[in-house]
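S.K.: Got a predicted structure here, sequence first:
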Amino acid sequence: TVSYSYSYCTHFTDSLPNKPPSLPLSQHTRCSTLLLRIGSPLLIMASSIEGTAQIQPSKALGFLVLGSSVHDVLGRLRAQPRIFPSISVIYDSAAPLASPIVLTLDSNGLRLRFDGPDQRLRLIEVLDFQKSRLSYNSGELTRPGTGTEGPTFRSIYNKLFGPTYPGEYMEDQGVYVLSYPGVAFSFPIKKEAWKGGADFVSVLSSPDAQPASSMAIFAGPSWLEARTGLFTRPVQNPRLPLVNGASARLSSANDEVEFVRFRDENMVEIVRRHNQPFWVRLHSTTPQDLITELGPPSAIYRKHDHRLSIHRTRSLSGGANGRGHQDDTDDTEPEDAQSDDEEDVSDVSATSNSDYFYNYFHHGMDIFISATRSSSHPVATKIILHGNVPGSFEFQRYRRARWSIELSASPKKVEELRLHSEMGFDEALPLLRERFGEGQRPMPLNRGSDSPSSSCELLGGWEDNESAGDKVDIKVVPGGSESTFGNTVELYGFPGFIFEVLRNKAISSLTVF
């Protein structure tokens, strides 16, 4: 077992060291710490960071590929604790879905920036060239341990990358940015050494010139153009680097889910990257349909615990628009799933006599399968979408799934309903109450239980991820007192929907039935 810590800064600050020139950041300050003990690292592809990482402008640094999800990248890093012993995750706890997420790998001299809404890798930065071996077109950028702080301008401009257009001098930071398509280098230059209209080649080639202090890999023709809209521009690469158009078109099960829309009449539209949308009709779509379109689930989780059946969702079925479907099972919410049985995904027949979940961790969703009175065979009756909100107890269990609720106006002249996954629940709640009425009082839920006998556990998560050697301990460090963070949520029920809401009003998960 290998132990190491993650520092989770719940706010990020504009005074972060070595930040890229003119990259706008919000101004916040507090931090918290997350301690993880990794028992059995996953077996994944050998990391090129351990040897020499290949620089691919506009695309990647080793296995770190632009466009990858934070779930995929952080999972790979966690699986290699001896190579990446220190990982800091920095985010804005007040607006975790609107602000960028930053991963800092101090022991490797790297920093990774992800956008908040989609959690896609947008910027790869090398802050310390002595902590990683880097190469470009078979030429080594620097060699750790040689005493050289970073690559010189001559080696970059004359040998490895070749000539390029004049860059940009950031006078307030004393940094000159030499930019190529998809990659840029920062050189420290004192203000007195730089004169307006100076020949940058002469200045950076002089004997007194310092080597590059940092490097950035991004998508765009130059850093000047790329930094505008860095976190909002459409991403070309997939969330999982292994997903490609050829394999996805060969079988839709190989495709990537882009977005999920919930429509009228219990219809769910699953939008995919390369194929036509897949429509799930709750209480009608079969497990075979799901496997054909989405592939086999990552895990199958059987449900046996019905202790929350007093809060049956059928009591919600009489809403303003009659959307809530009569629930023919004893299940109420996905969060009350309790079982020590996690099936082999290939043994689908083993689940034929019980209620169970299909866990699609890489799609950010769970689908509840059960036999109902209206159907003689198991069908999909509920879908749970996970937000992977930083600071929540479920963070990094699932990839983030983005969704929208689009319900048309009812015959009773109830206004149409339009919600989406990035909305704060304080904004969504008035719209829900206008559509469905006040609904029930919110139900508090504690995600931090230490016992699998609790009625509120992560789906498929106890045996797989919460063994004695893989505990997650979240503690707020600043301010003197120690307290838990991100474990307590509230459940809001409306006809056909259950919202899991964090203290900062971010929607952590959405259940549709």
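M.R.: Alright, I've got the coordinates.
S.K.: tell me the mean pLDDT over the longest helix along the chain?
M.R.: Secondary structure of the chain read by DSSP state H shows that its longest helix is helix 425-436. Helix 425-436 shows an average pLDDT of 93 in the prediction.
S.K.: Stretch 155-168 now?
M.R.: With pLDDT averaged residue by residue, stretch 155-168 scores 94.
S.K.: Moving C-terminal from the longest helix of the chain, which element do we reach first?
M.R.: Towards the C-terminus, the helix or strand next in line after helix 425-436, according to DSSP states H and E, is strand 443-446.
S.K.: That next one pairs with which strands, parallel or anti?
M.R.: strand 488-494 (antiparallel) (DSSP bridges).
S.K.: Just want the phi and psi numbers for residue 141.
M.R.: Dihedral pair for residue 141: phi -70, psi -50, per degrees, to the nearest 10.
S.K.: looking at it, it is touching residue 148, isn't it?
M.R.: No: with contact defined as C-beta atoms under 8 Å, residue 141 does not reach residue 148; the gap is 10.0 Å. Placement of C-beta: from N, CA and C, glycine included.
S.K.: Give me the more crowded residue out of these two.
M.R.: Taking residue 141 and residue 148 together and counting by other C-beta atoms under 10 Å, residue 141 has the greater number of neighbours (23 against 14).
S.K.: Distance of that one relative to residue 212?
M.R.: Relative to residue 212, residue 141 is positioned 9 Å away (C-beta to C-beta, to the nearest Å).
S.K.: Also residue 365?
M.R.: 43 Å.
S.K.: go on, residue 183?
M.R.: As judged by C-beta to C-beta, residue 183 and residue 212 stand 11 Å apart.
S.K.: Excluding chain neighbours, what is closest to residue 295?
M.R.: Distances taken as C-beta to C-beta, 6 or more residues apart in numbering put residue 253 closest to residue 295, at 3.3 Å, once the chain neighbours are dropped.
S.K.: What's the mean pLDDT across the helix or strand encompassing residue 104?
M.R.: Assigned by DSSP H and E, residue 104 falls within strand 101-105. Averaged over strand 101-105, pLDDT sits at 97.
S.K.: What is that strand packed up against?
M.R.: helix 70-78, strand 87-90, strand 110-114 (3 or more C-beta pairs under 8 Å, 6 or more residues apart in numbering; DSSP states H and E).
S.K.: Of these, give the one that comes closest to residue 374.
M.R.: Using C-beta to C-beta as the criterion, the shortest distance between residue 374 and these is 35.9 Å, found for helix 70-78.
S.K.: Touching stretch 260-271 from outside, list them.
M.R.: Identification of contacts with stretch 260-271 by C-beta atoms under 8 Å, 6 or more residues apart in numbering yields 257-259, 277-284, 293-294, 323, 325, 365, 383, 385, 401-408, 496, 512.
S.K.: In strands, which of these fall?
M.R.: Mapping the contacts of stretch 260-271 onto strands (DSSP state E) picks out 257-259, 278-281, 365, 383, 385, 403-407, 512.
S.K.: which of these are buried?
M.R.: By neighbour count, with 16 or more other C-beta atoms under 10 Å, the ones in strands among the contacts of stretch 260-271 hold 257-259, 278, 280, 365, 383, 385, 403-405, 407, 512 as buried.
S.K.: Mind listing what's buried along the longest helix of the chain?
M.R.: In helix 425-436, the ones that count as buried by 16+ other C-beta under 10 Å are 425, 428-429, 431-432, 435-436.
S.K.: low-confidence ranges in the stretch 1-150 of the chain?
M.R.: Counting by pLDDT under 70, the stretch 1-150 of the chain has low-confidence residues at 1-50, 144-147.
S.K.: just the helices in this structure please.
M.R.: Under DSSP H, the chain gives helices at 70-78, 153-154, 200-205, 223-226, 245-250, 287-294, 425-436, 462-465.
S.K.: Adding distance to residue 234, write the ones you listed out as JSON lines.
M.R.: Converted to JSON lines, the helices of the chain look like this (distance: least, C-beta to C-beta, whole Å):
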{"stretch": "helix 70-78", "distance to residue 234": "18"}
{"stretch": "helix 153-154", "distance to residue 234": "34"}
{"stretch": "helix 200-205", "distance to residue 234": "32"}
{"stretch": "helix 223-226", "distance to residue 234": "13"}
{"stretch": "helix 245-250", "distance to residue 234": "16"}
{"stretch": "helix 287-294", "distance to residue 234": "24"}
{"stretch": "helix 425-436", "distance to residue 234": "25"}
{"stretch": "helix 462-465", "distance to residue 234": "33"}
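S.K.: what sits in contact with each of residue 141 and residue 148?
M.R.: Each of residue 129 lies in contact with both residue 141 and residue 148 under the rule C-beta under 8 Å, 6+ apart.
S.K.: one step back: nearest to residue 131, out of the helices and strands packed on strand 101-105?
M.R.: Among these, strand 110-114 comes nearest to residue 131, with 7.9 Å by C-beta to C-beta.
S.K.: shared neighbours of residue 141 and residue 212, which are they?
M.R.: 129, 151.
S.K.: the residue most distant from the middle of the chain, which is it?
M.R.: In the chain, counting by C-alpha atoms, centre = their mean, residue 207 sits farthest out from the average C-alpha position, at 45.1 Å.
S.K.: What's the local residue count around residue 394?
M.R.: Based on other C-beta under 10 Å, the number of other residues close to residue 394 is 20.
S.K.: can I assume it is in contact with residue 489?
M.R.: No: contact status for residue 394 versus residue 489: not in contact, 9.3 Å apart, counting by C-beta under 8 Å.
S.K.: Please identify every residue contacting each of these two.
M.R.: Here residue 394 and residue 489 have 447, 508 as joint contacts, going by C-beta under 8 Å, 6+ apart.
S.K.: list the contacts for residue 256?
M.R.: The contact partners of residue 256, by C-beta under 8 Å, 6+ apart, come to 238-240, 243, 248, 272-274, 363.
S.K.: With distance to residue 166 as new columns, can these be given to me in a markdown table?
M.R.: Formatted as a markdown table, the contacts of residue 256 follow (distance: C-beta to C-beta, whole Å):
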| residue | distance to residue 166 |
| --- | --- |
| 238 | 35 |
| 239 | 36 |
| 240 | 38 |
| 243 | 38 |
| 248 | 42 |
| 272 | 43 |
| 273 | 38 |
| 274 | 40 |
| 363 | 46 |
